[in-house]
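Peer 1: sharing a sequence plus its predicted fold:
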Amino acid sequence: MSEQASSIDKLEELLRSEQEEERLAALQLVDRKDPEPFKKQLFIAFGDISWRVRKEATELFLTFPQVESHIGDVVKCLYSEENAGLRNTAVEILIRLGALSTPHLIKEIASDDHDVRKFALDILGEIPDERSVAPMIEALKDDDGNVRAAAAENLGKLGAAEAVAPLLEAMETPDLLFRFTILEALGQINVEVPVERLLAYSDDKLLRKALLDCLGRVGDSSAIPFLLQSLSDEMKNVREAAVLALGKLSHEAQGFLENIIPLQSDAALFEAVIGLLTSSSQAVKKAVVNLLPCVATAKSVTVLLDLVEDPELREDAVMALISIGKMDAAPLLAAWSDTSGRCRAYLTYIYGEAAVVEAIDHLLSALADTEPEMRQVAVQSLGKVGGIEVIPQLVAALGDDTEEVCEAAMQSLIEVGDRHYGPVVEALCPYLEDPSPQIRMYVITVLGRLDGEEVEEHIAASIKDASAEVRSAAIRALEGKSGATHISALMLALTDENSEVRALAAEALGSTGSDEAIDSLRLALQDEDMWVRAAAIRSLGQLCGAEAAKEIEPSLLDPVGLVSITVLETLKQLGLEGFQKYALAALEHKDAEVINAALKLLQESGDAGWFDGVEEFLSRHPQQEVRLNFARVMAEVKGAACREKVEAMLAEEEDEFVRHELQELLVMLKQEVR
């Protein structure tokens, strides 16, 4: 007996075992290189009572070289009435084989077995294939109700637009379940459907919710009267479906607002909508909220302002109020006197987002509020809607005792300054002499965001301010500007007593594009502060291009690792052909972080030639982090070819953690060989 025949006999024997683990283990006898001789046994396993066995058999079957030639045999399993597991396995296989299964399944739509016809339709519904559509449409006329419903359902899954007319025709079949399924399918297909054909079923109370769901997906403004009527339906689920449908159409249907007028004028109808806010469905409540901007009455505003206290509806309520404000500000303005606390803070925010210019007096009054949050929101909104008249109040807000309010005032002054440059600059300049360094810093920050020669002169002068905080703000404001006065001021700032100021100046000089700054930046390479040196390196790279290499190379072995890494990164960005020599030089640094950075860059170079000169040194480096990282880089670049070297490192390694990691690395390298 051949070895294969022996395996097949053993497999059949084990598949008869009562032990699940033995039946599962039996499948390991299948020859994965040539599984076809084991087909009969796999089909037995397809019907096993254990899902684990069935799953393993399925995976093995799908590895068959010519698996499509066996699809017919799998389809036959659909006829197995007594073994649900076998049928389920066949369904999974046919779905996974996709379009290969389609021709076989289409044939089964004509089967004498109604269960098989339904199985075939359900499987085809999971396989995007246009060939299935026509047979499915024909199956809408099947004698069996379950088959007809399956055809409709799966036409919906496939999104078959050509099925709309046949589905509408099939709606005339007096089968409630069938009609339900058709309406759901039409909603899934999501193409234009003649609304009058659907409204013909509006008197059927049992069908009404499904009809509303469908109209919400495929209806147009002509469906709105029926939807409004359904808001007063005695059944809550119908009312909820109606408001959900209206919510969807409000975003999509042309002429929606013109058709929603009855909701605006009918108090009872409006109350019916508001009543749905007690629904247990979050989607229904959101639909109500999103519908209320279409009914921009004072009552809608009151309801929505109450809802901003609800964390789950707050965002939708605020957006709805903003929409109302953009259409009609009057209800929002009228609500001011009736609000307080957080509700008024939200209303203040909404005034700004809806650009309610008429609310400026309300916003100015809010600046005197005792709550910082209210003052902050008022300042933000004034920046969005205010003109020249609000500039003094915004400037005054720079002196607020709450930092968030001051920062909001800065941003608002920038926004107003974009619209009214001259008045804002004129109002701010006197405050460059303010006794408070913080206010001077705020003023400089705002001026730095506004364009104009006058502004830039003030900023350059502030580099000499007595406060380091102000000087830093002035340098940030000048970054990217290239005037001669500014460059001189920035070069002078390289000698500032404050290291942060010097670092900012070094950084800013790189963005000027001026060669005048190069000599000053060379001197900054010797600065006592590492951040200044690092900034000078980056700026020289920006200004000098490839010529920067000779300027910054000496800093490669700076005692501070951060500086050395900055040199490496800058040289890398310059795209120098001989970059590798700089990275190799950095391997001599005492800081492990620098060495690791250099190794990473060498690894990225794609060239393995650099290993020869450093392999011995790095594999025995005194720092364990370097040894381990070198081994990893070597494995990444050389792959299995470095196994012997890693084994030699493991033999000499004394650190337990490094030994463990090297062992893991060796396991990976051995797997690569296989």
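Peer 2: It's in. This is a predicted model, so every value here is computed, not measured.
Peer 1: contact partners for Ala534?
Peer 2: Listed by C-beta atoms under 8 Å, 6 or more residues apart in numbering, the contact partners of Ala534 are 503, 562-563, 566. The C-beta positions use only the backbone N, C-alpha and C, and glycine is treated the same way.
Peer 1: right, I mislabeled it, should have said Gly417
Peer 2: 424-425, 446, 449-450.
Peer 1: ok, back up a step: return the members of the contacts of Ala534 classed as buried.
Peer 2: Among those, those classed as buried by 16 or more other C-beta atoms under 10 Å are 503, 563, 566.
Peer 1: mind checking which of those residues land in helices?
Peer 2: 503, 563, 566 (DSSP state H).
Peer 1: just give the number of residues close to the closest residue to Gln623 other than its chain neighbours.
Peer 2: Nearest non-adjacent residue to Gln623, counting by C-beta to C-beta, 6 or more residues apart in numbering: Ala592, 4.8 Å away. If you count neighbours by other C-beta atoms under 10 Å, Ala592 ends up with 17.
Peer 1: same check on the one 10 residues further on?
Peer 2: The criterion is other C-beta under 10 Å. On that basis, Leu602 has 22 neighbouring residues.
Peer 1: could you measure from it over to Gly541?
Peer 2: Noted for Leu602: a distance of 20 Å to Gly541, by C-beta to C-beta, to the nearest Å.
Peer 1: hmm, who's touching stretch 432-451?
Peer 2: Contact with stretch 432-451 is made by 398-399, 406, 409-410, 413-414, 417-418, 421, 424-425, 428-429, 431, 455, 458-459, 461-462, 465-467, 469-470, 473-474, 476-478, as judged by C-beta under 8 Å, 6+ apart.
Peer 1: could you flag which of those are buried?
Peer 2: 398, 406, 409-410, 413-414, 417, 424-425, 428, 431, 455, 458-459, 462, 465, 467, 469-470, 473-474, 476-478.
Peer 1: now the helix or strand encompassing Ser323: average pLDDT?
Peer 2: In this structure, Ser323 is located in helix 314-327 according to DSSP states H and E. The pLDDT scores in helix 314-327 average 92.
Peer 1: next SSE downstream of it?
Peer 2: Trace forward from helix 314-327 with DSSP H and E and the next one is helix 330-334.
Peer 1: after that next one comes which helix or strand?
Peer 2: helix 341-353.
Peer 1: how far off centre is that next one?
Peer 2: With C-alpha atoms, centre = their mean, to the nearest Å as the basis, helix 341-353 stands 29 Å off its chain's centre.
Peer 1: residues touching it, excluding its own?
Peer 2: 305-306, 308-309, 318, 321-322, 325, 332, 335-336, 339, 356, 359, 362-363, 366, 371, 373-374, 377-378, 380-385.
Peer 1: in ChimeraX, select just the buried ones from those residues.
Peer 2: Command for ChimeraX that selects the buried part of the contacts of helix 341-353, burial taken from 16+ other C-beta under 10 Å:
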select :305,308,318,321,322,325,332,335,336,339,356,359,362,363,366,374,377,378,380,381,382,383,384,385
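Peer 1: just the ones in strands from the contacts of helix 341-353, please.
Peer 2: Judged by DSSP state E, these include no members of strands.
Peer 1: okay, and which of the contacts of helix 341-353 map to helices?
Peer 2: In helices, defined here by DSSP H, the members of the contacts of helix 341-353 are 305-306, 318, 321-322, 325, 332, 362-363, 366, 373-374, 377-378, 380-385.
Peer 1: now the helix holding Ser323: buried residues?
Peer 2: 316-325.
Peer 1: ok, stretch 27-43 next?
Peer 2: Buried positions in stretch 27-43, judged by neighbour count with 16+ other C-beta under 10 Å: 27, 29-30, 35, 38, 41-43.
Peer 1: just put these in TSV and tack on secondary structure and distance to Asn596.
Peer 2: Listed next are those as TSV, based on DSSP: H, G, I helix; E, B strand; the rest coil; distance: C-beta to C-beta, whole Å:
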residue	secondary structure	distance to Asn596
Leu27	helix	47
Leu29	helix	49
Val30	coil	48
Pro35	coil	48
Phe38	helix	52
Gln41	helix	55
Leu42	helix	52
Phe43	helix	57
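Peer 1: closest one of those to Pro392?
Peer 2: Set against Pro392, the nearest of those by C-beta to C-beta is Leu27 (83.6 Å).
Peer 1: tell me the contacts of that closest one?
Peer 2: With C-beta under 8 Å, 6+ apart, Leu27 has these contacts: 11, 42, 45, 53, 56-57, 60.
Peer 1: between the two ends of stretch 286-304, how far is it?
Peer 2: Distance between the boundary residues of stretch 286-304 (C-alpha to C-alpha, to the nearest Å) amounts to 11 Å.
Peer 1: and if you look at stretch 129-146?
Peer 2: Note: stretch 129-146 ends 22 Å apart using C-alpha to C-alpha.
Peer 1: any buried residues in stretch 170-185, and which?
Peer 2: Of the residues in stretch 170-185, those buried (16+ other C-beta under 10 Å) are 170-171, 178-185.
Peer 1: what's the most distant pair in those residues?
Peer 2: It's Ala170 and Glu184 that sit farthest apart of the buried residues of stretch 170-185, by C-beta to C-beta, at 13.0 Å.
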